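>>> Got a sequence here, can you build the structure:
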Amino acid sequence: MGDEFVFAGFGGQGVMFAGQLLAYAAMDEGLEVTWIPSYGPEMRGGTAHCLVVVSQRPIGSPVVQHPKVAVVFNNPSFDKYAPLVAQDGLLIVNASLITRQSHRSDLTKFDVPATQIADQLGDTRVANMVLLGTALAAHPVLPLDAVCRALEAHLPKRHHDLLPLNLAAIERGAAYAANVPYQV
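Residues are numbered from 1 along each chain as shown. Next up, the predicted model:
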């Protein structure tokens, strides 16, 4: 068993990219990793989620029933995945878009205004990196530096102009986790 993550939202929110970046970073660090994407019937606007498992040992199954960490980008994903988070797990919520509240007392929850933070940085498309930064600061399965290196190594060259913005979003998300009171 390793550290299990689910990233969930609508297609076009960067859900897959956030999970894939975590998987690349873990792989680059020599860890065992699985990344399983799942799309709804539409690519943009439809449902999308991915499961990521990171481990020191070989992974027996990429299937995740009760993830330790759920990073949810919208209300439908919150409804589906908040109840499935493992006991003593972590729920990261994009509070800019999610209007629901979890009443579970057996997990840690961060309400991150990720879209608002991304907008302050200059582009709402990096809300996914804000949420990833928060998740890794709150559940440090990898150092943030490893994720930043993976971003630079795996971001397509045609998007390298967006590298500073994405790195800033990761750092802002991590800082948010460190400075904001969370619900337990």
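>>> Ramachandran angles for Gly9?
Backbone torsions of Gly9, given as degrees, to the nearest 10, read phi -180, psi -150.
>>> Count the residues that sit near it.
Applying other CB atoms under 10 Å, we find 27 residues neighbouring Gly9. Any C-beta I mention is one placed from the backbone N, CA and C, and that applies to glycine too.
>>> Quick check: the spatially closest residue to it that is not a sequence neighbour vs Lys80, distance?
Spatial nearest neighbour of Gly9, excluding adjacent residues (CB to CB, 6 or more residues apart in numbering): Phe73 at 2.7 Å. Counting by CB to CB, to the nearest Å, the gap from Phe73 to Lys80 is 12 Å.
>>> Quick check: mean pLDDT of the longest helix along the chain?
Longest helix of the chain, by residue count under DSSP state H: helix 163-179. What helix 163-179 shows for mean pLDDT is 95.
>>> Other residues contacting stretch 158-178?
Residues from elsewhere that reach stretch 158-178 (CB atoms under 8 Å, 6 or more residues apart in numbering): 110, 112, 114, 117-118, 121-123, 126-127, 129-138, 144, 147-148, 151-152, 155.
>>> For PyMOL, what selects the buried ones among the residues you listed?
In PyMOL, this line selects whichever of these come out buried by 16 or more other CB atoms under 10 Å:
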select buried, resi 110+112+114+117+118+121+126+127+129+130+131+132+133+134+135+136+137+138+144+147+148+151+155
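>>> which other residues reach stretch 134-150?
Contact with stretch 134-150 is made by 3, 5, 21-22, 24-26, 28-29, 31, 54, 68-69, 71, 90, 92, 108, 110, 112, 114, 132-133, 167, 170-171, 173-178, 182, as judged by CB under 8 Å, 6+ apart.
>>> Can you tell me which of those are buried?
The neighbour-count test (16+ other CB under 10 Å) marks 3, 5, 21-22, 24-26, 28-29, 31, 54, 68-69, 71, 90, 92, 108, 110, 112, 114, 132-133, 167, 170-171, 173-174, 176-177 as buried among those.
>>> Sort out which of those residues are in helices and list them.
Residues of those located in helices (DSSP H): 21-22, 24-26, 28, 114, 132-133, 167, 170-171, 173-174, 176-177.
>>> Ala86: which of the residues you listed is nearest?
Checking those against Ala86 by CB to CB gives Leu22 as the nearest, at 17.4 Å.
>>> ok, now how distant is that closest one from Arg104?
24 Å.
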